[in-house]
Structure formats: structure tokens, C-alpha cells
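Peer 1: Could you work out the structure for the sequence below:
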Amino acid sequence: MDTILKDFKLTIIGLGYIALPLAVEFGKKRPVVGVNINQKRIAELQAEHAHTLELASDDLPAAKLLNLTTKIRDPHQCNCIIVAVQMPIASDLIQAGVEQAMPSYIKNVYQGVAMTNLITGDVVVKERKRRCNPSPFKSN
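Peer 2: Numbering: from 1, shown residues only. The predicted structure follows:
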């Protein structure tokens, strides 16, 4: 199993409060590409500043193998992609109609992933944070 894991070329898309700590921890031990569409966010992280307080002050400098970019698969090829971007929950999509409610950035992420020439054996993981909703079951 370790041999297989060593072969993964990892890209993490999102770099928010879930993906950034994940990318940094991987970047301490192995090459990883961190992708975010916001150039200002990339510049901030390249300057080793994480204003949203997801990390300790020494975490970003320690992630020597983390390559930050605004482009999927730039500059390295990858075969394991973790997508951690905020996604509307299903009930919101159903109420508004999927096409109308789906933000363009979500479509762009998955179009970008689709254009990376995925092949058999590549892995794509969609991180999904669940919103806490009141129980649909009413007590009598």
C-alpha cells in the first residue's frame, strides 16, 4: 500500500479552512499542489500569511513541498485531486433548481478537473461539509 501512496501526485483545490491545513500537512512530507482561484489568496499564502487563522504561524514555512497556484495541474501533473470548495447543500439546490443554484465557481472547478485528462486509477475526492440543520423529525 505504501508503494501506491508514494505514487500519488496530489492536488488540493480550495485552500479554505478545511483544505489549507490539509495541504500544509501534506506539504510538510510530500509534494502537493494547492489551488485557489483567488490570486490575492495565493499571494498571501506565498508570503506565509494565513489571515483566517487556520494555521499556527510556523505551519506555512514548514510546508516546503507545497506549491501554490491558481491553476489546476499547474505546474505539476497529478493523479489524486481533493476538491474542498464550499458547495450548496442538496435541499438548497432542489428548491432553486440545480442549474440556477449551482455557483459558477463549482462548475469551473469540475470542468477544470475534467480537462485534466483523468485516466483509470486517478482519484478525485470531494470533501463535503455538512450544514447542521434542525431535525426534519418533529417530536409529538
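
Peer 1: pLDDT below threshold where in this protein?
Peer 2: Scanning the chain for pLDDT under 70 picks out 1-5, 73-76, 87-103, 115-117, 128-140.

Peer 1: ok, which stretches of it are helices?
Peer 2: Using DSSP state H, the helices found in the chain span residues 2-7, 19-29, 39-46, 59-62, 90-96, 98-101, 104-114.

Peer 1: most tightly surrounded among those?
Peer 2: Counting by mean count of other C-beta atoms under 10 Å, helix 19-29 has the highest mean neighbour count of those, with a mean of 20. (Each C-beta comes from the backbone N, C-alpha and C, glycine too.)

Peer 1: Minimum distance to Ile82: which of the helices of the chain has it?
Peer 2: Nearest of the helices of the chain to Ile82, taken as C-beta to C-beta: helix 19-29 at 7.0 Å.

Peer 1: Which elements pack onto the closest one?
Peer 2: Here helix 19-29 touches strand 10-13, strand 32-35, helix 59-62, strand 66-69, going by 3 or more C-beta pairs under 8 Å, 6 or more residues apart in numbering; DSSP states H and E.

Peer 1: Identify all contacting residues around that helix.
Peer 2: If you take C-beta atoms under 8 Å, 6 or more residues apart in numbering as the criterion, helix 19-29 is touched by 10, 12-15, 32, 34, 45, 50, 52, 54-55, 59-60, 62-66, 82, 84-85, 127.

Peer 1: Filter these down to the buried ones, PyMOL style.
Peer 2: Buried members of the contacts of helix 19-29, defined by 16 or more other C-beta atoms under 10 Å, are picked up in PyMOL with:
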select buried, resi 10+12+13+14+15+32+34+45+50+54+55+59+60+63+66+82+84+85+127
